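Asks: I would like to see how this sequence folds:
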Amino acid sequence: MRPGERGFLAAIFMARWLLAPFLVGLALCLFLLLYRFFANFYELAVELPKLTWHDLIVGVLNMIDIALTANLILIVIFSGYENFIRRIDADQRANWPEGLTAIDFVALKQRLMGSIAAIAAVDALAWYLDLEKEADSAKLGWVIGFPLMFVTAMLLLAIADRLGHDNGKQSR
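Replies: Have a look, this model is predicted:
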């Protein structure tokens with residue numbers, strides 16, 4: 001390899017560190033979600049005597065959405081770090097959950113799509129519970145179709161990954 005090519009390759013390789021500030025920013029977003037979670041909790045606790053069970057369930061579902069979003073952020077942070085910046089040595093981090101130290105692109109796609117589908121499904125359930133307040137058939141179609149779209153995409157990705165994995169074994 002010529003010196004110019006070697007330098008260009010080194011520059012591209014070092015550019016991976018430009019991802020680090022994004023990961024730090026996402027980690028800081030967890031504080032925002034934590035604040036919103038406890039603000040919602042406080043509002044629910046204060047309003048509890050006046051809430052119907054539907055309103056309580058919708059409030060709890062909103063908090064579940066926040067928790068799922070926080071999980072999604074952690075998945076992106078750890079997979080981004082491990083896939084682009086530096087491999088995490090699971091042997092040195094024996095007490096870390098496996099989901100934080102071994103996320104390849106196939107697992108990342110499935111986890112991301114699964115998390116987004118779960119968030120959309122929780123939103124759909126919350127909207128369904130408030131159906132008597134907001135009866136809108138067009139919105140109902142979108143609320144149902146959106147999680148189904150992600151589930152369908154997740155299944156198609158799983159099938160494509162399975163077929164690609166099987167073809168990779170056969171070609172060896």
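Asks: hey, let's count contacts and neighbours off CA atoms from now on
Replies: OK.
Asks: Name the helix or strand for I116, please.
Replies: Element membership of I116, judged by DSSP states H and E, is helix 105-129.
Asks: can you check G4 too?
Replies: In the assignment (DSSP H and E), G4 maps to helix 3-14.
Asks: Residues contacting that helix, please?
Replies: Residues from elsewhere that reach helix 3-14 (Cα atoms under 8 Å, 6 or more residues apart in numbering): none.
Asks: What about R2, how many residues nearby?
Replies: Other residues within reach of R2, judged by other Cα atoms under 10 Å, total 7.
Asks: do the same with the one 3 residues further on
Replies: Burial measure for E5: 10 neighbouring residues, criterion other Cα under 10 Å.
Asks: mind checking pLDDT for it?
Replies: At E5, the model reports a pLDDT of 87.
Asks: L23 too?
Replies: Listed pLDDT for L23 reads 94.
Asks: Is it in contact with L74, as I believe?
Replies: No - assessed by Cα atoms under 8 Å, L23 is found out of contact with L74, at 9.4 Å.
Asks: just to revisit the earlier point, quick one: buried residues of the helix or strand just after the helix holding G4?
Replies: Scanning forward in sequence from helix 3-14 by DSSP H and E, the next helix or strand is helix 20-47. For helix 20-47, a neighbour-count test (16 or more other Cα atoms under 10 Å) marks A20, L23, L26, A27, L30, L33, F37, N40, F41, L44 as buried.
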